[in-house]
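Asks: Here's my sequence, what's the structure:
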Amino acid sequence: MRKPTIRVQNQNTKRTSHYVTDIITFRQLHPGVEAATPDEEKIKRLASTGEILEEYPVTTTGLSDALSDALAGQTVFLPLCEITGDFTVPSEVTLLGTSTTGSKLFGTISLNDLSILDTLWVDNNTTDDPTVVVGVYGPEDGYNIDDPEVLAMATMRNVVVDVGSTAGPAYALMLTCGSITAYTTELLALEGIYGYAAYVEFGTLNHVSGRAVGNDPDGPYWLEV
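Replies: The predicted model follows:
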């Protein structure tokens with residue numbers, strides 16, 4: 001059985017302030033893809049070359065359909081938008097936003113092996129849910145506690161995850177197996193009983209850069225031992 005681990009590099013875990021100044025407003029698009037104007041905003045499914053394969057409405061159903069249709073190596077691109085719902089990013093698929101302040105998802109995002117979550121904001125705050133509130137679930141396919149030699153790996157880049165609950169625990173990121181490497185990623189869990197930036201049951205979290213904020217006096221990360 002692989003023990004849970006967290007590796008932190010250049011990590012600021014100070015809990016004195018929860019205000020986040022978004023400095024990631026640059027646009028990170030594939031070659032040949034321009035940002036949509038307000039009258040033509042669509043969710044786009046892109047080939048690895050950046051070619052637009054299909055467009056979808058900017059709705060919960062539209063994003064679900066785009067992710068369901070996406071194949072390995074493809075990208076689902078979000079314009080400036082706010083969408084509510086729980087979504088799963090398939091294996092080897094990238095979910096790419098326009099900016100962390102401009103592309104916001106309200107709900108829970110589940111990642112799979114070689115999934116990439118890039119340049120967006122995930123918000124999951126509730127006031128009446130006594131069960132665990134999670135912003136991002138780590139990958140489950142390709143690795144489990146019975147077969148620790150096969151490790152599923154997901155990546156997060158330029159992401160803000162903000163969760164909270166007044167009735168139960170809240171985890172910005174939860175790993176039950178596999179691994180996530182997070183670059184320039186803010187993991188915020190300011191409310192919850194308790195709120196943790198990351199709850200690692202099995203697997204490995206590599207939080208390379210970005211803040212981790214929780215409300216447990218013992219620290220923002222929890223390792224299930």
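Asks: what about stretch 157-175, start to end distance?
Replies: In stretch 157-175, first residue to last residue: 17 Å (Cα to Cα, to the nearest Å).
Asks: Tell me which residues touch the residue nearest the centre of the chain, please.
Replies: Central residue of the chain (Cα atoms, centre = their mean): V136, 4.7 Å from the mean position. Shown in contact with V136 (Cβ atoms under 8 Å, 6 or more residues apart in numbering): 108-111, 117, 122, 156, 159, 161, 172-174, 180. Heads up, the C-betas are built off the backbone N, CA and C, glycines and all.
Asks: Now do the SS call for it.
Replies: Put simply, V136 is strand when judged by DSSP: H, G, I helix; E, B strand; the rest coil.
Asks: what about it, distance to L95?
Replies: 11 Å (Cβ to Cβ, to the nearest Å).
Asks: which neighbours do those two share?
Replies: Counting by Cβ under 8 Å, 6+ apart, the contacts common to V136 and L95 are I109, L117.
Asks: Listing partners with orientation, what would you give for the top strand by length along the chain?
Replies: Looking across the chain with DSSP state E, the single longest strand is strand 153-165. Strand 153-165 has the following sheet partners, assigned by DSSP bridges: strand 116-126 (parallel), strand 179-183 (parallel), strand 186-189 (parallel).
Asks: okay if I get these as CSV plus mean pLDDT, distance to V76 and mean neighbour count?
Replies: Formatted as CSV, these follow (pLDDT from 0 to 100; distance: least, Cβ to Cβ, whole Å; neighbours: other Cβ atoms under 10 Å):
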stretch, mean pLDDT, distance to V76, mean neighbour count
strand 116-126, 96, 10, 22
strand 179-183, 94, 19, 21
strand 186-189, 96, 22, 27
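Asks: how about these in CSV, adding distance to G85?
Replies: Shown next, in CSV, are these (distance: least, Cβ to Cβ, whole Å):
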stretch, distance to G85
strand 116-126, 11
strand 179-183, 21
strand 186-189, 20
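Asks: among these, which is nearest A152?
Replies: strand 179-183 (7.1 Å; Cβ to Cβ).
Asks: Settle this for me: L71 is touching V93, isn't it.
Replies: Yes: applying Cβ atoms under 8 Å, one finds L71 in contact with V93, separated by 7.5 Å.
Asks: Poorly predicted segments of this protein, please.
Replies: Counting by pLDDT under 70, the chain contains low-confidence ranges at 1-40, 141-150, 225.
Asks: Indicate which one of the strands paired with strand 153-165 is closest to S209.
Replies: Evaluated over these, closeness to S209 peaks at strand 179-183, with 5.7 Å, by Cβ to Cβ.
Asks: circling back to that earlier point, so after the longest strand of the chain, what's the next helix or strand?
Replies: Downstream of strand 153-165, the next assigned helix or strand under DSSP states H and E is strand 170-175.
Asks: from memory Y183 sits against D118, does it?
Replies: No: contact criterion Cβ under 8 Å: Y183 and D118 do not qualify, at 9.6 Å.
Asks: what sits in contact with each of the two?
Replies: With Cβ under 8 Å, 6+ apart, Y183 and D118 have common neighbours M156, R157, N158.
Asks: Next, format the residues you listed as a markdown table and append neighbour count.
Replies: Compiled in a markdown table, the shared contacts of Y183 and D118 are given as follows (neighbours: other Cβ atoms under 10 Å):
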| residue | neighbour count |
| --- | --- |
| M156 | 29 |
| R157 | 21 |
| N158 | 25 |
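Asks: How about residues contacting the one helix or strand G62 maps to?
Replies: Assigned by DSSP H and E, G62 belongs to helix 60-69. With Cβ under 8 Å, 6+ apart as the test, helix 60-69 has contacts from 43-45, 54, 56, 76, 78, 83-85, 87-90, 93, 95.
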